[in-house]
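Visitor: have a look; sequence and predicted model below, questions after that.
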Amino acid sequence: MPDQLRPLISARRIKKRVAELAEQITKDHNGAPLTLIIVLKGATVFAADLMRQIATPFVIDFVRASSYGNAAQSSGTVLIRDQTGLDVRGHRVILVEDIVDTGLTISSIIENLRRLEPESIDVCALVHKRVAGAKPVEVRYTGFEIPNLFVVGYGMDYAERYRNLPGVYRLTPDA
Ligand code: IMP
């Protein structure tokens, strides 16, 4: 059986919510030194839409982290590569993530970033999964809260596929 995809969050809802998040970020950080650090690869689509609507100056950089490999379940270890090369000392940093699941990935990135002495580190995630027993992480800017489902689309993948879907879909992998 091929992978099954069921619509969960439409492109229209995403568009509206992303605009609200950008407005909130603009209000909260207006004029302050701001760096957006985008978590590769999943957050690229979200970040591209979000950043074009933030109306205060900022710079961007990327960080690469992976805990899933090609599976639909977290491997439990987080590899962080291509850590930011920018000087974020004294900057407000917003980590832009596609999805916070167990919180392991974002917590590891935050720990790493702290050494660079930014003024603050906030998390902006398109999706926050509610997972029992997950590491509690504060997500200041959340697009959507969802139950513990595996989702793809709008940048999120399953074995590198489906990132190009304009909405978010619940995926039941091929058995
Ligand atoms: P965490 O460390 O468990 O919070 O997992 C976060 C990372 O795992 C995200 O950045 C995604 O790359 C990936 N991930 C977690 N849940 C999903 C999902 O439902 N679909 C696609 N990727 C996911």
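Guide: Perfect, I can see it now.
Visitor: okay, now the unreliable bits of this protein?
Guide: The chain contains residues with pLDDT under 70 at 1, 67-79, 82-84, 175.
Visitor: repeat the analysis, applying 80 as the threshold.
Guide: Low-confidence segments of the chain, defined by pLDDT under 80, span residues 1, 66-86, 131-135, 174-175.
Visitor: pull the longest helix from it.
Guide: Ranked by residue count under DSSP state H, the longest helix found in the chain is helix 11-29.
Visitor: is the ligand contacted by the helix or strand hosting Asp98?
Guide: Asp98 belongs to strand 92-100 when assigned by DSSP states H and E. Yes - where contact is defined by Cβ under 6 Å from any ligand atom, part of strand 92-100 touches the ligand, namely 97-100. The way it works is simple: take the backbone N, C-alpha and C, and place the C-beta from them, glycine included.
Visitor: can you list the residues you listed in JSON lines and add neighbour count?
Guide: Written out in JSON lines, the entries for the residues of strand 92-100 next to the ligand read as follows (neighbours: other Cβ atoms under 10 Å):
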{"residue": "Glu97", "neighbour count": "28"}
{"residue": "Asp98", "neighbour count": "27"}
{"residue": "Ile99", "neighbour count": "24"}
{"residue": "Val100", "neighbour count": "26"}
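Visitor: reformat the residues you listed as a markdown table; add distance to Lys129.
Guide: As requested, the residues of strand 92-100 next to the ligand are arranged in a markdown table below (distance: Cβ to Cβ, whole Å):
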| residue | distance to Lys129 |
| --- | --- |
| Glu97 | 11 |
| Asp98 | 11 |
| Ile99 | 6 |
| Val100 | 7 |
